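> next input, structure requested:
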Amino acid sequence: MQGRSSVEAIVGSIMHEREVIFRTALLNPKSDEFKGTTFSNAAQLPQQAQGAWEQAYRSRWRALYLSITAKLEAIVVKLATFEEELLAHIQMSDGRSVAKHVTPYVTPSCERWPDTPVTTTPRQCVRR
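As a prediction, this is how the structure comes out:
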């Protein structure tokens with residue numbers, strides 16, 4: 001499955017009897033981000049703005065491709081299990097991802113212990 005909407009790109013598949021979907025926000029070609037200024041401090045020409053948008057658009061798709069490829073490679077060479085790499089992207093029966101279900105519960109639990117030291121143990125929150 002793949003598709004495009006006005007706000008996001010979607011790439012998905014059925015793997016291990018689960019629907020896995022990756023989503024990424026699409027960039028608006030009319031955004032101020034692409035109407036910025038050049039080194040000469042003059043407004044970008046429409047062709048330059050279009051070229052900047054196309055480059056950012058391709059970059060977004062390339063990043064999505066590399067992310068998915070890296071996850072699948074990690075599974076193939078047994079660095080991680082299917083669930084460890086793709087759990088956040090598995091779709092639940094209500095159409096939302098596991099990440100959408102879990103994130104509201106994970107964030108508050110980490111905020112409850114503000115003095116938790118930086119650690120990699122699974123029982124404590126990891127600070128960034």
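
> can you name every helix or strand that the longest helix that the chain contains contacts?
Secondary structure of the chain per DSSP state H: the longest helix is helix 46-76. When contacts are defined as 3 or more C-beta pairs under 8 Å, 6 or more residues apart in numbering; DSSP states H and E, helix 46-76 packs onto strand 8-15, strand 18-25, helix 82-86. No exception for glycine: its C-beta is placed from N, CA and C like everyone else's.

> okay, buried residues for it please.
For helix 46-76, burial by neighbour count (16 or more other C-beta atoms under 10 Å) applies to 49, 52-53, 64, 68, 71, 74-75.

> now do Leu27 against Arg58, distance only.
Distance of Leu27 to Arg58, computed by C-beta to C-beta, to the nearest Å: 10 Å.

> do the same with Asp32
Counting by C-beta to C-beta - Asp32 and Arg58 are separated by 20 Å.

> please apply the same query to Ser67.
15 Å.

> what does Gln91 give?
27 Å.

> do Glu17 as well
The value you get for Glu17 to Arg58, if C-beta to C-beta is used, is 33 Å.

> give me the residue at the spatial middle of this structure.
The chain has Thr24 as the residue nearest its centroid, 5.4 Å off, counting by C-alpha atoms, centre = their mean.

> burial count for Ile10?
Neighbour count for Ile10, taken as other C-beta atoms under 10 Å: 14.

> my read is that it contacts Ile21, right?
Yes: counting by C-beta atoms under 8 Å, Ile21 is a contact partner of Ile10 at 6.0 Å.

> and Pro29, what pLDDT?
Listed pLDDT for Pro29 reads 79.
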